[in-house]
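K.L.:
heads up, no residue letters with this:
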């Protein structure tokens with residue numbers, strides 16, 4: 001796992017990742033990668049298992065893997081999970097200047113033009 005400030009996982013996200021991994025038959029292992037988004041540059045995609053890549057975060061019995069070439073984009077991000085009676089979803093939070101879409105799972109660099117008018121956060 002990379003040293004320094006990498007991807008952080010909240011307790012709520014770790015619990016949901018653990019639940020999804022267990023249901024999928026890959027206990028303790030989930031895979032995250034970034035795909036092109038429509039409202040912002042990247043959207044997180046989370047799937048069960050290790051698939052490919054390296055471990056980028058560990059919390060509460062879950063290891064999250066990601067492609068090694070995406071580790072710089074994931075640094076200083078926090079993965080959270082919010083759920084309610086109508087459903088739930090993973091959210092991206094950041095400690096650096098990025099644009100995060102209102103959906104919470106898409107983000108992009110603050111210094112690039114937004115494809116759909118995202119909000120810059122710090």
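P.N.:
Looks like it arrived, so ask away. Computed from a prediction, not measured in an experiment: that's the story for all the values here.
K.L.:
So what touches the longest helix along the chain?
P.N.:
As assigned by DSSP state H, the longest helix anywhere in the chain is helix 11-24. The contact list for helix 11-24 (C-beta atoms under 8 Å, 6 or more residues apart in numbering) reads 9, 27-30, 46, 48-49, 59-62, 64, 79-83, 88, 90. Bear in mind the C-beta positions are built from the backbone N, C-alpha and C, glycine included.
K.L.:
Verify the contact between residue 34 and residue 73 for me.
P.N.:
Yes: using C-beta atoms under 8 Å, residue 34 is in contact with residue 73, at 6.0 Å.
K.L.:
circling back: in its sheet, which strands sit next to the next helix or strand after the longest helix of the chain, and in what direction?
P.N.:
Going down the chain from helix 11-24, the next helix or strand is strand 29-36, by DSSP states H and E. Using DSSP bridges, the strands paired with strand 29-36 are strand 42-48 (antiparallel), strand 62-66 (parallel).
K.L.:
so which of the ones you listed comes closest to residue 108?
P.N.:
Closest of the strands paired with strand 29-36 to residue 108 is strand 42-48, at 6.4 Å (criterion: C-beta to C-beta).
K.L.:
doesn't residue 63 make contact with residue 55?
P.N.:
Yes: under the criterion of C-beta under 8 Å, residue 55 makes contact with residue 63 at 5.1 Å.
K.L.:
So between those two, which is more surrounded?
P.N.:
Neighbours were counted for residue 55 and for residue 63 using other C-beta atoms under 10 Å; residue 63 has more, 18 against 15.
K.L.:
What count of nearby residues applies to residue 32?
P.N.:
Counted with other C-beta under 10 Å, the neighbours of residue 32 add up to 24.
K.L.:
what's it in contact with, if anything?
P.N.:
Counted by C-beta under 8 Å, 6+ apart, residue 32 has contacts 7, 44-46, 56, 64-66, 74, 79.
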